[in-house]
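# Below is the structure, and that's it, no one-letter string:
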């Protein structure tokens, strides 16, 4: 195994070992996020939720080890509830995670057609 794949495997194992929701993040001065903002996380927030760096999060995304993101315009976001469930399930690979679920509405596969 290469160093990168070893790091990814170690990170996935560490995330799975936690299996708890992180404490709420925010300060008194911070504006209250809308329901959409609270439900969707960018790569930095998703990585923080899992206790890893943004660069490692993106490496996990590129290797197919985390759930599929949602795209809003050019933004790439992950569902907070889905990440919590994914962590509680032991952080299975993307293929295993999405095997039992029905395709999301509005998702367009990489091949350009609807799944």
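Thanks, I have the structure now. Quick caveat, the model's predicted, so the values are computed rather than measured.
# what about the longest helix in this protein?
helix 3-18 (DSSP state H).
# Quick check: buried residues in that helix?
Buried residues in helix 3-18, counted by 16 or more other C-beta atoms under 10 Å: 8, 11, 12, 15, 16. Where C-beta positions appear, they are placed from N, C-alpha and C, glycine not excepted.
# number of nearby residues for the nearest residue in space to residue 13 that is not next to it in sequence?
Nearest residue to residue 13, sequence neighbours excluded (C-beta to C-beta, 6 or more residues apart in numbering): residue 91, at 7.9 Å. Residues near residue 91, counting by other C-beta atoms under 10 Å, number 24.
# how far away is residue 91 from residue 74?
27 Å (C-beta to C-beta, to the nearest Å).
# for residue 56, same thing?
Counting by C-beta to C-beta - residue 56 and residue 74 are separated by 22 Å.
# quick one, strands of the protein?
With DSSP state E as the criterion, the chain has strands at 40-41, 70-72, 75-79.
# Could you list the low-confidence segments of the chain?
Within the chain, the segments meeting pLDDT under 70 span 1-2, 4-5, 18-38, 100-115.
# and the spatially closest residue to residue 53 that is not a sequence neighbour, what does it touch?
By the measure of C-beta to C-beta, 6+ apart, the closest residue to residue 53 outside its immediate chain neighbours is residue 47, 6.0 Å from it. Residues in contact with residue 47 (C-beta atoms under 8 Å, 6 or more residues apart in numbering) are 53, 54, 56, 57.
# And these, which of them are buried?
By 16+ other C-beta under 10 Å, the contacts of residue 47 give 56, 57 as buried.
# Dump the contacts of residue 47 to TSV, plus distance to residue 99.
Below are those laid out as TSV (distance: C-beta to C-beta, whole Å):
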residue	distance to residue 99
53	28
54	27
56	24
57	22
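# Counting only helices, which of the contacts of residue 47 make the cut?
Secondary structure from DSSP H places 54, 56, 57 of these in helices.
# Nearest to residue 86 among those?
The closest of those to residue 86 turns out to be residue 57 (C-beta to C-beta; 12.7 Å).
# Just give the nearest non-adjacent residue to that closest one, would you?
Spatial nearest neighbour of residue 57, excluding adjacent residues (C-beta to C-beta, 6+ apart): residue 47 at 3.6 Å.
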